[in-house]
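1. For reference, the sequence and a predicted model appear below.
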Amino acid sequence: MNIHRRSTFRGIALALCAVALAACQSAPERADEAPAPTGTEVPAAMLGDWEGVLVAGAQKLALGLHIAADGVSLDVPAQRVAGAKASAVTFADGLLVAEFDAFRASVELRASDSGGLDAIWAQSGARLPLTFARAGGESAAAVPAAPARIGESVRFKSGQAGVELAGTLRLPDGKGPFPCLILVSGSGAQDRDEAIGPITPFRDIAEGMAARGWATLRYDDRGVGESGGTFSGSTSEDFALDAVGAYRFAAADSRIDAGRVALAGHSEGGYVIAIAENLIGGVYGLVSIAGPGVGGYEILLDQSRDILAGMGAPAEAIESSQAINRALYDMILASDEFPLEAAKAELSKAGLPPDQLEAQLSALRDPWFKAFLRSNPAEYYSRVRSPVLALNGSKDSQVRAGKNLAAIEASAAKAGVPVKAVAMEGLNHLFQQANTGMPDEYMGLPPAFSPEAIALIADWLDGLGKR
């Protein structure tokens, strides 16, 4: 249920607890390879296969749990995770704790009088209760296999020395050279599909563009999946160098038309591609997909306000949260070193329990956060040499469509390049057809990236060749 961590800017709102159950990017590992529990022997009543449903707000996620004398493993059918082994398992005083480093989460289990298991799922500062019952009927392990990835696996060097990235080059049918669209992900450690469970925006775009005769190159973020480098501590400027490397790699391929290589960025990626374009000195075109046009400080405040309002928070609570956020952001920007004690004191005003407070402090200390607060997309869009297409969903609760589209349009106009800005009716931040546009409904919507948006991108790019 990896909502906020993958699909939004980090540090979304102090009052929000992200339930970020990420899909395992590596191949499922066998449950019998999981570490054996340490401590007292697990009682027979807890051994076996179990099923439960994790509930967070409007979201529900079915889980399968397998407890054996020699280890614990987890299934998440909706995210095509099967047999993910626990990285550490302990049992003492009737409490079984299984930790899953792949999800940065743990589950605490006790046998109940009813014959089930009472549990707490702990992750990102949240502690969510659930119960497990004996698995019946079809096993939760019967997880559908992820669809085969179409395209050629490639590796290329970032524009930053010492970083090699892995991705997929998807070529259309026919004979090249083909125009190519480089896909640049948003914030958070993401794979080449920008996958959030069954939602795979970049895979959808790649297939849609292939049908229109366009090649695409999408890649795992540095330190993610098969890519090298380190994600933690990297900033938008570092990710821009990765995009520069992707551009150079594609342009050097004989099957690609070097004069028609464009950059597309989703969410923070819409800012990253503008930085990359400035470094390259011009590309065929830039496509911002729900990208920011205003600074990171303003983006985060707007995002917090809009999501809290969408959750039904009272006005006083929203204003209190905004005041705390501003105070934190200001002290972070004003300090050379992270102001730990001052930030802790400010956060304590929100009444967060200790584990949530520590989780927030960890996010705020990331060098990315300070860099993003300082970010100014207008600085880069006002210097681009390439045509710009900016798209947002009208129901995007994470990047306000009107404000950010207008800002990108104004900045690109200063650069004197052709620019088109479109708010697409009814779409959310992931370009799904939405009801409320709130992140908590993403997993309950049809997962497909809007075909209309893909067609608009392809039409606009094709039209550039006719200017």
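-> Looks like it came in fine. Residues are numbered from 1 along each chain as shown.
2. wait, is Thr131 part of a helix?
-> No: Thr131: not assigned to a helix; according to DSSP: H, G, I helix; E, B strand; the rest coil it is strand.
3. List the residue ranges of the stretch 101-250 of the chain that fall below the pLDDT cut-off.
-> 102-104, 124-126, 137-149 (pLDDT under 70).
4. Where do the strands of it begin and end?
-> 105-111, 117-123, 126-134, 152-157, 164-170, 178-184, 215-219 (DSSP state E, counting those that start in this stretch).
5. can you list these in a markdown table and add distance to Leu430?
-> Yep, even glycine has a C-beta here, placed from its N, CA and C like the rest. Formatted as a markdown table, the strands of the stretch 101-250 of the chain follow (distance: least, Cβ to Cβ, whole Å):
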| stretch | distance to Leu430 |
| --- | --- |
| strand 105-111 | 22 |
| strand 117-123 | 21 |
| strand 126-134 | 22 |
| strand 152-157 | 25 |
| strand 164-170 | 20 |
| strand 178-184 | 14 |
| strand 215-219 | 15 |
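6. And for the nearest residue to Ala327 once chain neighbours are set aside, the neighbour number?
-> With sequence-adjacent residues excluded and distances taken as Cβ to Cβ, 6 or more residues apart in numbering, Ala327 is closest to Glu346, at 5.1 Å. Residues within reach of Glu346, counting by other Cβ atoms under 10 Å, total 20.
7. ditto for Gly174
-> There are 7 residues near Gly174, going by other Cβ under 10 Å.
8. again, but for Asp462
-> Residues near Asp462, counting by other Cβ under 10 Å: 14.
9. shouldn't Trp368 be in contact with Glu237?
-> No: judged on Cβ atoms under 8 Å, Trp368 makes no contact with Glu237 at a distance of 10.2 Å.
10. Pick out whichever of those two has more residues nearby.
-> Trp368 (24 against 14).
11. which SSE is that one in?
-> Per DSSP states H and E: Trp368 is located in helix 367-374.
12. All the helices of the protein, residue numbers only.
-> Under the criterion DSSP state H, helices of the chain are mapped to 4-7, 201-211, 236-252, 268-280, 296-310, 315-334, 340-348, 354-365, 367-374, 377-381, 401-415, 451-464.
13. any idea which of those helices is most buried?
-> helix 268-280 (a mean of 27; mean count of other Cβ atoms under 10 Å).
14. Let me see the contact set for the closest residue to Asp462 other than its chain neighbours.
-> Spatial nearest neighbour of Asp462, chain neighbours left out: Arg212 (7.4 Å); criterion: Cβ to Cβ, 6+ apart. Neighbouring residues of Arg212 by Cβ atoms under 8 Å, 6 or more residues apart in numbering: 172, 454-455, 458, 462.
15. which one of the residues you listed is nearest Val76?
-> Ile454 (27.9 Å; Cβ to Cβ).
16. Go ahead and confirm the closest one touches Ala206.
-> No: in this structure Ile454 lies outside contact range of Ala206 using Cβ under 8 Å: 9.7 Å.
17. Tell me how the chain divides into domains.
-> Domain assignment for the chain by automatic domain parsing gives 20-134, 152-295+375-464, 297-372.
18. for the record, mean pLDDT for the last one?
-> Across domain 297-372, pLDDT averages out at 90.
19. Equivalent analysis for stretch 47-55, please.
-> pLDDT averaged over stretch 47-55 gives 88.
20. Just the buried residues of that stretch, please?
-> Neighbour counts over stretch 47-55 (16 or more other Cβ atoms under 10 Å) mark 49-52, 54 as buried.
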